[in-house]
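**Student:** fold the following.
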Amino acid sequence: MRELEVPERDNLHSTYRTTSRATFRVVLSAMAAHGFIPRTVDVRKVFLQSIPLDRPTSVYVQPPNQAQVPAGIAWRLRKCAYGLTDAPRRWYDSVHALMVELKLQRSTFEHDILTAHGDGALLLVIAVHEDDFLFGGTTPAVGTALRRTFDTGPTKSGEFTFTGVRVRTSVNEDTGALSVRADQEQYVDSIE
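**Tutor:** Numbering: from 1, shown residues only. Okay, here's the model as predicted:
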């Protein structure tokens, strides 16, 4: 899809934050230190699940061929779609609204990291990377809230791949300590 005549496109706020590799590793370390099993969930069709468009002028797109719409018909978008300048930001605003509803605190250093605390202890940590969420903690409400609010894939825990990094969790049988390992060995092995 390409954005049709949108005169205010250059004035739209389009940026948003995503988890860096360094931040991702810090979050995994925090989870391991607190005994949180890392979990991940992927949100499907993210831009269509973002908050409604609020532009001064409407946005019209040509329907895709598979829609089998007669020639000369255009659709007026109510929500963002892939390819719109402000689609990533509208998606992030949707995520942020949910996190505010859940009373999570956004990190002052990394806005893509959100936490919940209780009695001075870390209860939950979440890292957001585009449409992927990495989370762990003693509060299961976040997974439920994500599935309730957005169309998501299954929640994975213990062993999974998050943004190309394989995460494996194990528990030491003697001490009960949680160990989290992150690597890109599969990716490296695939390179010729």
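
**Student:** drop to CA atoms for contacts and neighbour counts, all remaining ones
**Tutor:** OK.

**Student:** mind checking which helix or strand residue 31 is in?
**Tutor:** When elements are defined using DSSP states H and E, residue 31 is found to belong to helix 21-34.

**Student:** what sits up against that helix?
**Tutor:** Counting by C-alpha atoms under 8 Å, 6 or more residues apart in numbering, the neighbours of helix 21-34 from elsewhere in the structure are 37, 38, 122, 125, 126, 127, 136, 137, 178, 179, 180, 182.

**Student:** helices along this structure, start to end?
**Tutor:** Under the criterion DSSP state H, helices of the chain are mapped to 21-34, 87-101, 141-149, 185-190.

**Student:** just name the most buried of the ones you listed.
**Tutor:** Ranked by mean neighbour count under mean count of other C-alpha atoms under 10 Å, those are led by helix 87-101, which reaches a mean of 19.

**Student:** give the lowest-confidence helix or strand of the protein, using mean pLDDT as the measure.
**Tutor:** Here the helix or strand of the chain ranked lowest by mean pLDDT, DSSP states H and E is helix 185-190, holding a mean of 83.

**Student:** elements contacting it?
**Tutor:** Using 3 or more C-alpha pairs under 8 Å, 6 or more residues apart in numbering; DSSP states H and E as the contact criterion, helix 185-190 has no neighbours among helices and strands.
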